[in-house]
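Trainee: Sequence first, then the predicted structure:
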Amino acid sequence: MAYVSEWAEDKNEKVRRFASEGCRSRLPWAMALPKFKKDSSLIIPILEKLKNDDSEFVRRSVANNLNDISKDHPDLVLDISKKWYGKSEKTDRLIKHACRSMLKAGNKRALLLFGYGDPTEISVKKLKLNDKSVIIGKNLHYSFELLITGEKAQKVRLEYRIDFRKANGKQSGKIFQIAENTYNPENYPFSRKHSFADMSTRKHFEGEHRITIIVNGEEMANRSFEVKR
């Protein structure tokens, strides 16, 4: 880590990025670092050095490093995020990317940090699917209405989750983003589609699936449908 601290001040942005990548606790391209997963405080001084780096290439790595840490120590990352957020446009983007897993998981502290409040005056109506089933390789088309009540505009993080049927018959959910915006009190129609084409990273299986519309971390409406060949 003494060497890593030196690398974090190198003139070459690739070396500075390596300083962050090299101490990530949950590397996607190498073995995990159990000691750092247990005690992430070892990593923070490196990230402090790099958080305002001129290179987005480096700052992106810092965000990914924090996202790794959030899976073991969410409160630590939220404390850091609160301290860094609002200081500059660079760090604001960094923190938003770093908190992505917590935002998807509906973490209340993360949502509040970015202004996504209690959605008591927000509702989802008339969730409809064009068909009760979708063929693998085709698209699922769905629509709904987002209703904003009350007297004030609301900052909204709008997502949907698909509970996919896996090869073993169990379901596993994945969340996808629809929109992030501020909406005045009104009714907003949405119409979207989701592809069920097989990819190298996701294979589809026959059986019951479910789509759920999520607003500011809260599940608002859902429908079941069948996937067929």
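Mentor: Done, it's in. Residues are numbered from 1 along each chain as shown.

Trainee: ok, the residue most central in space within the chain to residue 159 distance?
Mentor: Centroid-nearest residue in the chain: residue 100, 3.3 Å away (criterion: C-alpha atoms, centre = their mean). Distance of residue 100 to residue 159, computed by C-beta to C-beta, to the nearest Å: 11 Å. For the C-beta atoms, the positions are set from N, CA and C on the backbone; glycine is no exception.

Trainee: element containing residue 79?
Mentor: helix 74-84 (DSSP states H and E).

Trainee: got the CA coordinates for that helix in CSV?
Mentor: What follows is helix 74-84, C-alpha atoms only, in CSV (Å, rounded to 0.1, in the frame of the first residue of the first chain):
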residue,chain,number,x,y,z
PRO,A,74,-22.7,0.7,2.8
ASP,A,75,-22.7,3.1,5.7
LEU,A,76,-19.0,3.9,5.2
VAL,A,77,-19.5,4.7,1.6
LEU,A,78,-22.6,6.8,2.4
ASP,A,79,-20.6,8.7,5.0
ILE,A,80,-17.9,9.4,2.4
SER,A,81,-20.5,10.3,-0.2
LYS,A,82,-22.1,12.8,2.1
LYS,A,83,-18.7,14.4,2.8
TRP,A,84,-17.7,14.6,-0.9
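
Trainee: can you give me the angle the helix or strand following it makes with helix 74-84?
Mentor: Next in sequence after helix 74-84, counting helices and strands by DSSP H and E, comes helix 89-98. Angle of helix 89-98 versus helix 74-84, following axes from the mean of the first three to the mean of the last three C-alpha atoms, to 10 degrees, is 160 degrees.
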